[in-house]
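1. Build me a model from this:
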Amino acid sequence: MIALADPRMLQIITPDAVQAPALAADNPPLPSPEFLENLRIESERLESASPLEIIKWAADTYYPKLTMATAFGPEGCVILWMLSQVNRNVHVFNLDTGYQFQETLDLRNEIALRYGIEVEMTQPETTVAQYEALHGGPIYKTNPDQCCFDRKVTVLKRKSLGWSAWMSGIRRDQSPDRARAAIVGWDKKFGLVKISPLANTTKKDIWKLITEHNIPYNKLHDQGYTSIGCFPCTRAVLAGEDERAGRWAGFAKKECGLHTN
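-> Presented below is the predicted three-dimensional model:
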C-alpha cells in the first residue's frame, strides 16, 4: 500500500456543489456555472497531487457512482493497480468492439487474477458479423470514424447512464487533442464528470511504475505496439514515429472520439 500525502488534499471544499447528479447521456443538461467553477477549482488543486491521491479523491467523492473505462493500455493497467489499493469495488468496464486482440482479452483475465478487479466487457448492440452485414463489409476500411462512433462512442453514451463520474487513463503528452485535458472537468459529450488522474504524467512515468511494481501489461507492447486498439486498425510503430502512429494508419484519424468534444 502506498502512503497518501497530506490527507487534507483529499477533502472536498464544496461537497454539495462538487457532487454531480447521474445524467441521461442522450441529451445531457448543461451544469450550472457554479458547478463548473467548483470542478475547475478541484482540478487546479489536484494538479499537485499524485495519481494515487487523485484516484483516492475520485473514489471518496463519487463512489458508488464512479466508473472507469479502460482499453487495458499501460495507463489503464496502472490505474487498475492503484484502484486495487484504494477501492477495488469501483466499477470498471471495457468497450469490447468485437475487434480486440486476443492479448488484450488475456490481459483482462490476468488483471482479475492479480488484483481481484473484474472488468465488465460492454459490447455494442450488434455483433461484428451483424454490423459488417449491415454495412456491406468491414466499414473500418473506408470509414473508421463511423466504426468508432458506432462501436465505442455510442456504447459509452449508453453505458454512462446512471453514473456521476468516469475515469480515463489519458495523458496530456499523448496527442494535441489531449494536451489540454483537465484533471477534473465536465464531459459534455457523456454528461459526466471526467477524471484523468494520469493527465500530467509522462510515458516514462507510466513505464517506471509498471517496471517497479510488476504491473501486468499487454505483451504486444514488447512487439513494437505502443498504442493498442482494435486489431484491424492497429500496427506496430516504426523507428522515429510517435506512440500513436500505429493507430488508424493511412488515415488522418488519431482519436476514436471518446476524448474529443
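2. for the helix or strand containing L156, packing partners?
-> In the assignment (DSSP states H and E), L156 maps to helix 154-159. Contacts defined by 3 or more Cβ pairs under 8 Å, 6 or more residues apart in numbering; DSSP states H and E place helix 154-159 against strand 66-69, strand 91-95. C-betas here are computed from N, CA, C, even on glycine.
3. chain center to it, what's the gap?
-> Here the centre of helix 154-159 is set off from its chain's centre by 13 Å, with Cα atoms, centre = their mean, to the nearest Å.
4. Then stretch 161-169?
-> 9 Å.
5. returning to that earlier point: any idea which of the helices and strands packed on helix 154-159 is most buried?
-> Burial of those is given as mean neighbour count (mean count of other Cβ atoms under 10 Å); strand 66-69 ranks first at a mean of 23.
6. List of residues touching that one?
-> 58-59, 76, 79, 83, 90-95, 156, 159, 163-168, 258 (Cβ atoms under 8 Å, 6 or more residues apart in numbering).
7. Partner strands of it and their direction?
-> Next to strand 66-69 in the sheet, as set by DSSP bridges, lie strand 91-95 (parallel), strand 165-167 (parallel).
8. Which strands and helices lie in contact with the helix or strand that comes right after the longest one?
-> In the C-terminal direction, the helix or strand that comes right after strand 91-95 (DSSP H and E) is helix 102-115. Counting contacts by 3+ Cβ pairs under 8 Å, 6+ apart, the secondary-structure elements packed against helix 102-115 are helix 74-86.
9. So what touches the helix it packs on?
-> 1-2, 51-52, 55-56, 59, 68, 70, 90, 92, 107, 111, 115-117, 119, 167, 169-171, 197-198, 201, 206-207, 209-210, 213, 215-218, 221.
10. Which of those fall within strands?
-> M68, V92, M167 (DSSP state E).
11. Now distance to S175 and pLDDT too, for the residues you listed, in a markdown table please.
-> What follows is these, written out as a markdown table (distance: Cβ to Cβ, whole Å; pLDDT from 0 to 100):
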| residue | distance to S175 | pLDDT |
| --- | --- | --- |
| M68 | 20 | 96 |
| V92 | 23 | 98 |
| M167 | 19 | 97 |
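12. List just the nearest of those to R178.
-> M167 (14.5 Å; Cβ to Cβ).
13. Please tell me how far the residue nearest to that closest one when sequence neighbours are not counted sits from L80.
-> Of all residues not flanking M167 in the chain, M68 sits nearest, at 4.2 Å (Cβ to Cβ, 6 or more residues apart in numbering). Distance from M68 to L80, counting by Cβ to Cβ, to the nearest Å: 8 Å.
14. With P29 instead?
-> Distance of P29 to L80, given as Cβ to Cβ: 32 Å.
15. Comparing these two, which residue is more hemmed in?
-> Neighbour totals were compared for P29 and L80, and L80 leads with 25 against 9 (other Cβ atoms under 10 Å).
16. Tell me the confidence at the more buried one?
-> Listed pLDDT for L80 reads 98.
17. now swap in G257 and tell me
-> 64.
18. Could you do P21 as well?
-> P21 is given a pLDDT of 41.
19. Number the chain from 59, please
-> Sounds good: first residue 59 from here, last item P79.
20. So the residue of the chain most remote from its centre: helix, strand or coil?
-> In terms of distance from the mean C-alpha position of the chain, G194 ranks first, at 30.9 Å (Cα atoms, centre = their mean). Recorded secondary structure, G194: coil (DSSP: H, G, I helix; E, B strand; the rest coil).
21. these two touch, right, F151 and T180?
-> Yes: between F151 and T180 there is a contact under Cβ atoms under 8 Å: 4.7 Å.
22. measure I169 to T318 for me?
-> Distance from I169 to T318, by Cβ to Cβ: 27 Å.
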